[in-house]
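>>> Below: sequence and its predicted model.
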Amino acid sequence: MRHGVAAHDRLLARLCRMTHRRAVALMVLVTLLWSIAGVVTRQLQSAHGFEVTFWRSIFNALALIVALSAMRGPVVWRELLRANPVVWMSGVCWALMFTAFMLALTLTTVANVLLTMALGPMVTAIFSRLFLKQALPMRTWSAIFIAALGIVWMFGGQAVSGVSQGGVLVAAIVPLAGSVNLTLLQRVSRRGAGAPDMLPAVFIGALLSAAATLPVAWPLDTTVHDLGWLALLGVFQLAIPCLLMVRLSRQLPAPEIALLALLEVIFGVAWAWLGAGEQPSNPVLLGGSLVLGALVMNEVLGLRRAN
């Protein structure tokens, strides 16, 4: 147990010493892993809808049991039930994000869901200003605006008027829960050495998501073939990148994380192009260029200012 805690502390120390450039690179990796969901689900034969969410969350939870046990030892499970309330609040946010996206897709179009999720950086910036008193440089506000414009350009033509307002409202849960979660993580990181460990919150979110989707996913008739792909999603598309994002919240401002997270859309389009032969349209390419340009501008100007 002591060995596990010591290993965790050494990892935390290395992350605390991480340069901004390396943290940005890791966040790009996080979005790359998140983005494989679309192309992987194209390989599924029998699993659909909430069954995909259920199995993905279950495999996410199993991967987190292994990862957290290796990092913290058995003590992490003994302390889970009496964890700080902020850990459970973050867990609820993760569960909402894991579940609401799939539910929104059953109620409205993919374009409307992605357009709604593009609100994430703006909402996160507002929350950071209100609750963390965090002032953002003009370059970041400009990048948020340009990136949002790029998302609208990419998918605005595909958005269908007169769709269910309920679908858009459910989709809005994703950026709202994500913004609350990032604000919580950022607030906790300011406590320093006395801050509660927020990694178990991802595990709580996975369990809550699985419990919420099991009744509507039943009966489970997923094939072994599909279980393999869903295990890939649970481990590499959720568990690993979500753990990384929790740690990166100690290094990067919440609005910057939310802004970089928009790369998930760009990478998702690229995966669909390379892995499923879905060639993007000109508006998607132009809008994607705007998003990438905004992100590059924000990071380059930030590096110049740091130097």
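Nice, I can see it.
>>> Using CSV, list the CA coordinates for stretch 244-261.
The C-alpha trace of stretch 244-261 is given here as CSV (Å, rounded to 0.1, in the frame of the first residue of the first chain):
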residue,chain,number,x,y,z
LEU,A,244,-5.1,12.3,-17.8
MET,A,245,-7.5,15.2,-18.0
VAL,A,246,-8.0,15.2,-14.2
ARG,A,247,-4.2,15.5,-13.8
LEU,A,248,-3.8,18.1,-16.5
SER,A,249,-6.4,20.3,-14.6
ARG,A,250,-3.6,21.0,-12.2
GLN,A,251,-1.5,22.5,-14.9
LEU,A,252,-3.8,24.1,-17.5
PRO,A,253,-6.5,26.7,-16.9
ALA,A,254,-10.0,25.2,-17.3
PRO,A,255,-10.9,27.5,-20.3
GLU,A,256,-7.8,26.3,-22.1
ILE,A,257,-8.7,22.7,-21.5
ALA,A,258,-12.2,23.2,-22.8
LEU,A,259,-10.8,25.0,-25.8
LEU,A,260,-8.4,22.3,-26.7
ALA,A,261,-11.2,19.7,-26.2
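>>> average pLDDT across that stretch?
Across stretch 244-261, pLDDT averages out at 92.
>>> Also stretch 185-194?
For stretch 185-194, the mean confidence score works out to 84.
>>> The chain should start at 325 in everything you say after this.
With the count now opening at 325, the last piece we talked about shows up as stretch 509-518.
>>> Quick one: end-to-end length of it, please.
Across its full length, stretch 509-518 reaches 14 Å end to end, with Cα to Cα, to the nearest Å as the criterion.
>>> And stretch 391-406, by the same measure?
When the termini of stretch 391-406 are compared using Cα to Cα, they are 20 Å apart.
>>> Show me how far that stretch is from its chain's centre.
Averaging C-alpha positions (Cα atoms, centre = their mean, to the nearest Å) puts stretch 391-406 23 Å from its chain's average.
>>> got the buried residues for that stretch?
Judged by neighbour count using 16 or more other Cβ atoms under 10 Å, the buried positions of stretch 391-406 are 391, 392, 395, 396, 397, 400. C-betas here are computed from N, CA, C, even on glycine.
>>> And stretch 540-556, by the same measure?
Going by neighbour count (16+ other Cβ under 10 Å), the buried part of stretch 540-556 is 541, 546, 550, 551, 553, 554, 555.
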